[in-house]
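Novice: Can you look at this prediction? I've put the sequence above it.
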Amino acid sequence: MHDFFPSSPCQAKKKESVTLLSEVAAGIIGGHTSFSWMTKYSTWCKEDKVIHLTMWQGVNPPPNRDVLQKLVDKFNQSHSDIQVESLSVGQQDQQMPKILAAVVGNAPPDLLWYNPTIAGQLVELGAILALDEMLGKSPIKAEIDPTLYASMKYNGKISSVPFATNNVGIFYRPSLFKVAGITELPRTCQEFRQVARKLTRDPNGDGRPDQYGMFLPLGKGEFTVFTWLPFMWSGGGELVSGDSQNAAAVDLQDNQGAMPAATPEGNAALQFWRDLITDGSAILSGPERGYETDDLLADKVAIAIHFSGEAIAISKI
């Protein structure tokens, strides 16, 4: 690993920026993502004695990205000696090729927003810095939920600080429920299917619904899996058994669950999603764009799965 504090005229400013830039990361709406320093010094200090930092992030949906930019702008305005450039480089599960190319080409960003599941790969590449000493001296440490420390460490060392953590929720349009005459929220998968069918409407009779009951993410990336997992867990399923750090323990074939969907097997959650599509009451997102809220905001769908980080956009309704 590289030493974070090489000899430099800007050494003191670098140390200060660790705490100050943590403020930019703290409280940003965004699945659980991490924020780390990468091993790069080329743009730290220029002749104007200003520290110039590049931050790669993939915050979505766009309204949340706007919030982040406002925080970065506020930081830059209040710290004339440290300037941060925030760049959107795509969803967190699509970043690895870009990160590898940047590291190999000796042109990585100074700060990186990423999924903590790839922290081990970044550490092995020598691409990120251990933060134990710096975090220990930062007031931000007191703001971190202790339950998150397991996701911050790799081989006993802290490799990142939490950028955001939130929960998955099923958001719905009360006004559309009222129009459909639905007065009670569904409590079982079967009731959910019935409600989704009732909320699917084709008022002009052209055979294509103008309003769907449910919006489901399409893709094989992190967001789709992230929003599907609660359905599996609510049915009693598990991805791993025993050693939770052992990915080889994943076995969906024999994974038994009690979710009251079409089958009692561990794939009941997948079957439930498929049932909604087969019923014609669910519409799929664009590939790997399940985080978008446009259809929910435009009354084109009545129910959607999103994470709490999208509350800004959804609060408009």
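Specialist: Yes, it's here.

Novice: In the stretch 51-200 of the chain, mark out all the strands, start to finish.
Specialist: In the stretch 51-200 of the chain, the strands defined using DSSP state E, counting those that start in this stretch lie at 51-57, 82-88, 111-114, 153-154, 157-158, 161-164, 168-172.

Novice: nearest to residue 298, of those?
Specialist: strand 168-172 (13.8 Å; CB to CB). Every C-beta, even on glycine, is put in place using the N, C-alpha and C of the backbone.

Novice: What are the contacting residues of the closest one?
Specialist: Strand 168-172 has contacts (CB atoms under 8 Å, 6 or more residues apart in numbering) with 185, 226-227, 229-230, 296, 302-308, 314.

Novice: Of those residues, which belong to helices?
Specialist: Using DSSP state H, the members of these that fall in helices are 226, 227, 229, 230, 296, 314.

Novice: Please render those residues as TSV that adds neighbour count to the earlier fields.
Specialist: Converted to TSV, the ones in helices among the contacts of strand 168-172 look like this (neighbours: other CB atoms under 10 Å):
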residue	neighbour count
226	19
227	22
229	15
230	15
296	23
314	18
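
Novice: Same list (those) but as TSV, adding distance to residue 268 and pLDDT.
Specialist: Listed next are these as TSV, based on distance: CB to CB, whole Å; pLDDT from 0 to 100:
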residue	distance to residue 268	pLDDT
226	18	83
227	16	89
229	13	83
230	13	86
296	25	92
314	27	70
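
Novice: of all those, which comes closest to residue 207?
Specialist: residue 296 (23.2 Å).

Novice: correct me, but that closest one touches residue 304?
Specialist: Yes: at 4.6 Å, residue 296 and residue 304 qualify as touching, with contact defined as CB atoms under 8 Å.

Novice: sorry, back to before: mind telling me which of the strands of the stretch 51-200 of the chain the model trusts least?
Specialist: Among those, strand 161-164 carries the lowest mean pLDDT, a mean of 84.

Novice: picking up where we left off before, which residues do residue 296 and residue 304 both contact?
Specialist: Joint contacts of residue 296 and residue 304 (CB under 8 Å, 6+ apart) are 171, 215.

Novice: Give me the spatial nearest neighbour of residue 223, chain neighbours excluded.
Specialist: Leaving aside its sequence neighbours, residue 223 sits nearest to residue 290 (CB to CB, 6 or more residues apart in numbering; 5.1 Å).

Novice: Residue 225 is in contact with that neighbour, correct?
Specialist: No: using CB under 8 Å, residue 290 is not in contact with residue 225; the gap is 10.2 Å.

Novice: Which one of the two is surrounded by more residues?
Specialist: residue 290 (23 against 15; other CB atoms under 10 Å).

Novice: Confirm that the more buried one sits in a strand.
Specialist: No: under DSSP: H, G, I helix; E, B strand; the rest coil, residue 290 sits outside any strand and is assigned coil.

Novice: list the contacts for it?
Specialist: 216, 217, 218, 219, 223, 224, 227, 305.

Novice: Sounds good, over and out.
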